[in-house]
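Participant: Prediction below, plus the sequence it came from.
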Amino acid sequence: MNARRWMRLRGLLRKESLQILRDPSSIAIAFVMPVVLLLLIGYGLSLDAKNVPLALVIENPNAESASFAAGFFQSPYFIPVRFGAVQDAEAAMRAREVDGIIWLRSNFTRQMLGAGAAPIGVIVNGVDANNARIVEGYLQQVWAGWLASYAAAHGIAFAEPLNVEFRVWFNPAVESADFLAPGLIALIMTLTGALLTAMVVAREWERGTMEALLVTPAAISEIIVSKLLPYFGLGMGGMALSVAVTTGLFHVPLRGSIWLLMAASAVFMLSALGMGLVISTFSKNQFAAGQIAITVAYMPAFMLSGFVFDIASMPAPIRVITYVVGARYFVAILQSLFLAGNVWPVVLPNMAALALMAAIFIAVARRLARKSLE
Amino acid sequence: MSKSFARAGRIVAALDRVSFIARRALVTGLIGSDGSGKTTVMRLAAGLYLPNAGRIEVLGIDAAADPQRVQSIIGYMPQRFGLYEDLSVQENLDLHADLHGVAHPDRPGRYADLMHMTGLAPFTRRLAGKLSGGMKQKLGLACALIAAPPFLLLDEPTVGVDPVSRRELWVIVHRLVEERGATVLLSTSYLDEAERCDEVVLMQGGGVLGQDRPQAYTRRLEGRSFRVSASGISKRALQERIGRAPGVLDATIQGSHVRIVTERAAPPSPAQVAGGEFPLEIAPVAPRFEDSFISLLKEQGKSASAGGDRAIPLARADGADGDVIVVRNLSRRFGDFQAVSDISFTVRRGEIFGLLGANGAGKSTTFRMLCGLLPASGGSLSLAGLDLRVAPARARGRIGYMAQKFSLYGDLSARENLRFFSAAYGLAGARRQDRIAWALDEFALRPFADAPSRDLPLGFKQRLALAAALMHEPEILFLDEPTSGVDPLGRRDFWRRINALAEGGITVMVTTHFMDEAEYCDRLAIMSRGRILAESGSEEMRARFRSAALPNPTMEDAFVALIAAAEAPSAGAA
């Protein structure tokens, strides 16, 4: 009996592997898409503000204002352009030629040396809110840096404004690739796990092969295992490739253990595959299965996992929803393994959550799948 | 057994109190049109559905209570054969051998046996997707037979397959039954396959019309089938006249004659039919299975598409004879595949011309070129005197096209569909209103005018599709497999309308793989592998293959003989 069960399982696994090898689309989803996404996001989608065009309006040039302006010319973040009048600078901003205006009024020196009103006017283009926030942060840094060096040079102590000191931990260069690339791995594995699995099962229904498969001695658990294992392998392969690209090409450090990374990925992969199987029991055509997988797996993994958008700053009801998004736990694990190291208090609870989700999804898929067409 | 499904919030009964027995070591055929419930029965027997009421036992096992036990011992071939097209022939066989637990030492012998039986031995390394329809069908059968099951379920194994492959499949099925004592339950919508079964369960509308030996069905009709021929009247007019005569159940055109089935074992009196206007000759002929199906349907008043007694009035009978479709040396190539090679034919005004061939013979490609949907690689064609290459839009305005699948908008009502299609053909204002009113009346669609057209019965859907193709009063009508899956009464209703259109001067071109549909054509061309093998009237076509062994060949006999003759010189090449 057990020999027969093993023979059936081996036959199903061989068939599934042959299909993967012969179907260019599954290879493409597992190996080509991760690289393309990593390249796109690594090079294209940058959350760093660099080379921001900035209008510089200095109404009354003198030694102090020239020294302050020099800070901008030396900064890698800005390309300052001088304007004579603030009206011209505003026109340039409307035309989106510059993303911000630094306005040093004629009373700059007096204001600076005295206490009270802000000596510089800063206008930031808020159309791109994210960019505006980053520019604002950088500006404060430049301002604080200049004030500190000015004070040191002149032996003056400023009571106000406060001397703010920024230190960014784990990502000292504030490179967005460092925290985007690990998150991207979660996204890619969601796609291979949920989308690919849901679609290959739907394909069997569409082509009528599932009907033939059901009327054989094969048990439903064998069919499920035969769908899980090959795509597990495919997803882990895609993961390994993504890690190689992330560390090799983008020089993102991997500070934690690679074995722990593999273990966490394996648990996450099972939860994604389980989700794909559950979707496939609801939808028996490829188009609908793909749509559902993208809506319930990919989009939440993109938006609600903390991969791009910070979960802590989401409204409370949305934050609650993120707890059912598996990618949320995996992104947390990935970001600490890559950027911080084996932080067990982060890794362990998140892995436990993933294991629970994997168990639930596979159990539900097993329960819903029946050797019947009803 | 009864079985119903929930569809879009409504409960649709697929089977209503069906009972039958398939006896051991016999071939039992489930015969019926699309929607009659055949596939539902097959799936219930395979344990894939649970009946709402009643029970089904397979080899003594209750299929609903223990489906896995049934599934483990039977062989099952679903529609479209259930093959993995991206696996090779051998890999498909290996998979099924693994699934059915065929021991490794037994495999070489089993494979050799199956490959010999199906003739697939030279193709074991070929991907299943690259096989012809007939070869796929045989591979599907080989996979179902891998564990030598005592009971075999075959769901429409012969649909869409060429007649040669159909015959070969039947040879294999009969060998299994005779040599190995297998029991076979097989479903088909081809009525002419009834005679190949040991027992026939005739299904219609989710119920059983009868279960009997096929000979018993026809024996009841003994003395009630006749062949009528007349001179001085066209065969279509004769069919129309005789179909209205009292006591006549059915009248169909066969070659230049009309074949009739009567209510009692006596021919109709010539006086009643002809009224002395023309001489009439009535001779008895042997009954066919279809005759008994028709008489059973008429007796029980069961038909998906009754009604609409009036034929279409003669639309534009200008009577001018002439060539309406002229095709010269037409070719079409896809990459290095020659789909249509060098075909020529001519169709005259008011003629019904048929293109006959299996799936993949090149019918659809020819059709698409004729409709201007696909440019030709070589040759010329003109429609109603217009060269398709010079004036495609004007030529297209002269043709009506009815696609094989229901190509209307299912969520629009019949009236909305007609309005849309007449607008698409450029009809507006009063003329559009007139044509819509005409279509609703002529096709008896008024009762359904405002219901979503996807809910119409199959026969009415087909009428609506025909009406939509006729809104702009085309000169040429293209019909792609127009009656596949429709029950015999619905098919007769459809062809009566087509006949009336042809009598009115509209030129009709039909593709079909149903051999009996060829009988409605004035002339037909048999296609295989992109070439026309023969072109003539149906009577001459059959007469060419008359022999001592086959004194009365059917169209299928003629087709098979033609294919065999065409392939004989290159038999080793494939």
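Facilitator: Nice, thanks for sending it over.
Participant: Which helix or strand in chain A has the lowest average pLDDT?
Facilitator: Lowest mean confidence among the helices and strands of chain A (mean pLDDT, DSSP states H and E): helix A:108-113, at a mean of 67.
Participant: Next secondary structure after it?
Facilitator: Once the chain leaves helix A:108-113, the next helix or strand it forms, by DSSP states H and E, is strand A:120-124.
Participant: contacts for that next one?
Facilitator: Strand A:120-124 has contacts (Cβ atoms under 8 Å, 6 or more residues apart in numbering or on different chains) with A:68, A:86, A:90, A:93, A:99-105, A:108, A:132, A:135-136, A:139, A:143. All C-beta atoms are positioned from the backbone trio N, CA, C, and that covers glycine.
Participant: Check which residues of the next helix or strand after that strand are buried.
Facilitator: For strand A:120-124, the following helix or strand on the C-terminal side (DSSP H and E) is helix A:129-154. Using 16 or more other Cβ atoms under 10 Å in any protein chain shown as the burial criterion, the residues of helix A:129-154 that qualify are A:131-132, A:134-135, A:138-139, A:141-147, A:150.
Participant: do stretch A:86-97 as well
Facilitator: A:Val86, A:Ala89, A:Glu90, A:Ala92, A:Met93.
Participant: pLDDT on that stretch, on average?
Facilitator: Taken as a whole, stretch A:86-97 has a mean pLDDT of 84.
Participant: Equivalent analysis for stretch A:140-160, please.
Facilitator: What stretch A:140-160 shows for mean pLDDT is 72.
Participant: again with stretch B:470-487
Facilitator: For stretch B:470-487, the per-residue pLDDT averages 86.
Participant: For it, measure first residue to last.
Facilitator: 23 Å (Cα to Cα, to the nearest Å).
Participant: chain center to stretch B:475-489, what's the gap?
Facilitator: 9 Å (Cα atoms, centre = their mean, to the nearest Å).
Participant: Of the buried residues of stretch A:86-97, which belong to strands?
Facilitator: Among those, DSSP state E puts none in strands.
Participant: Quick one: name the residues of the stretch 201-350 of chain A near chain B.
Facilitator: Within reach of chain B by Cβ under 8 Å from any Cβ of the partner chain, the stretch 201-350 of chain A has these residues: A:Arg207, A:Gly208, A:Thr209, A:Glu211, A:Ala212, A:Leu213, A:Leu214, A:Val215, A:Thr216, A:Pro217, A:Ala218, A:Ala219.
Participant: now the residues you listed in TSV, with secondary structure and pLDDT?
Facilitator: Listed next are those as TSV, based on DSSP: H, G, I helix; E, B strand; the rest coil; pLDDT from 0 to 100:
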residue	secondary structure	pLDDT
A:Arg207	coil	89
A:Gly208	coil	89
A:Thr209	helix	93
A:Glu211	helix	92
A:Ala212	helix	93
A:Leu213	helix	93
A:Leu214	helix	93
A:Val215	coil	93
A:Thr216	coil	93
A:Pro217	coil	93
A:Ala218	coil	93
A:Ala219	coil	91
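Participant: need the contact list for A:Val364.
Facilitator: So A:Val364 contacts A:Gly274, A:Val278 (Cβ under 8 Å, 6+ apart).
Participant: So, low pLDDT: which residues of the stretch 51-200 of chain B?
Facilitator: Residue ranges of the stretch 51-200 of chain B with pLDDT under 70: none are present.
Participant: er, chain A actually
Facilitator: Where chain A drops to pLDDT under 70, the residues are A:1, A:44-50, A:109-119, A:128-131, A:156-177.
Participant: quick one: B:Arg523 from chain A, how far?
Facilitator: Distance, B:Arg523 to chain A, using Cβ to the nearest Cβ, to the nearest Å: 37 Å.
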